[in-house]
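A.B. asks: Okay, predicted coordinates and the sequence, questions at the end:
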Amino acid sequence: ATALTAAALDGRPYTLVVSAGIAGGFQPMAPVGSLVVADEITVADLGAETADGFLPVTELGFGTVSHRPPNSLVRVTAQAVGAHPGAVLTVSTVTGTAARAAELLARHPRALAEAMEGFGVAEAAAAHAVPVLEIRAVSNPVGPRDRAAWRIGDALAALTEAFGKLAPALESWNPHDHR
């Protein structure tokens with residue numbers, strides 16, 4: 001948000017915001033080592049717990065819970081880096097149980113991954129009317145915590161390789177293509 005504001009005040013506003021990093025992948029849709037590009041960036045736990053279950057902030061009558069990157073940007077990115085397009089959830093607590101993973105998938109059946117930063121980045125981009133892209137390399141399965149199954153180094157290597165392919169694709173992307 002600070003960088004976007006400073007650039008805008010300096011007369012050199014950003015034209016795209018990219019949020020990239022590692023994430024937990026919902027199995028089997030997003031296996032460890034795969035890449036995911038968000039066609040929907042959703043904050044999964046912003047709302048209220050009630051006797052009838054979870055209510056997202058939108059159902060409480062205020063706020064938003066999702067941002068959608070431009071379809072053409074998602075398509076160009078997915079093709080360039082071999083990423084799976086789908087929903088990436090932003091959570092404030094990493095999922096550590098099978099029950100929580102199942103609960104998230106029940107509420108968000110298109111979810112491929114969970115991370116912790118995407119929605120905040122998307123909110124800042126939206127405040128400046130700048131398109132946003134979220135790309136994640138899957139480092140571990142979402143569910144029971146098993147540090148031995150984490151492949152953070154492999155995920156970071158996959159993300160690094162993806163960025164080599166992403167730069168030319170972004171240069172060719174037309175932000176006015178709304179298909």
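C.D. replies: Looks like it arrived, so ask away.
A.B. asks: use CA for all of it now, contacts and neighbours both
C.D. replies: Noted.
A.B. asks: If you count neighbours, what's buried in the strand or helix carrying residue 89?
C.D. replies: Taking DSSP states H and E as the definition, residue 89 sits inside strand 84-90. Within strand 84-90, the residues that count as buried by 16 or more other Cα atoms under 10 Å are 84, 85, 86, 87, 88, 89, 90.
A.B. asks: which of these lies closest to residue 107?
C.D. replies: residue 89 (10.8 Å; Cα to Cα).
A.B. asks: and residue 129, what is it in contact with?
C.D. replies: Listed by Cα atoms under 8 Å, 6 or more residues apart in numbering, the contact set of residue 129 is empty.
A.B. asks: do the same with residue 175
C.D. replies: Contacts of residue 175 (Cα under 8 Å, 6+ apart): 70, 72, 73.
A.B. asks: who touches the longest helix anywhere in the chain?
C.D. replies: For the chain, the helix with the greatest residue count under DSSP state H is helix 152-172. Helix 152-172 has contacts (Cα under 8 Å, 6+ apart) with 21-22, 32-35, 73, 76-77, 80-81, 136-140.
A.B. asks: Tabulate the CA atom coordinates of it in CSV.
C.D. replies: The C-alpha coordinates for helix 152-172 follow below in CSV (Å, rounded to 0.1, in the frame of the first residue of the first chain):
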residue,chain,number,x,y,z
ILE,A,152,10.2,-25.1,0.6
GLY,A,153,13.5,-25.2,-1.4
ASP,A,154,11.9,-27.0,-4.3
ALA,A,155,8.9,-24.6,-4.2
LEU,A,156,11.2,-21.5,-4.3
ALA,A,157,13.2,-23.1,-7.1
ALA,A,158,9.9,-23.6,-9.1
LEU,A,159,8.9,-20.0,-8.4
THR,A,160,12.3,-18.7,-9.5
GLU,A,161,12.0,-20.7,-12.8
ALA,A,162,8.4,-19.4,-13.3
PHE,A,163,9.5,-15.8,-12.9
GLY,A,164,12.0,-16.3,-15.8
LYS,A,165,9.0,-17.2,-18.0
LEU,A,166,6.6,-14.7,-16.5
ALA,A,167,8.4,-11.5,-17.3
PRO,A,168,8.1,-11.9,-21.1
ALA,A,169,4.5,-13.0,-20.8
LEU,A,170,3.6,-9.9,-18.7
GLU,A,171,5.3,-7.7,-21.2
SER,A,172,3.0,-9.0,-23.9
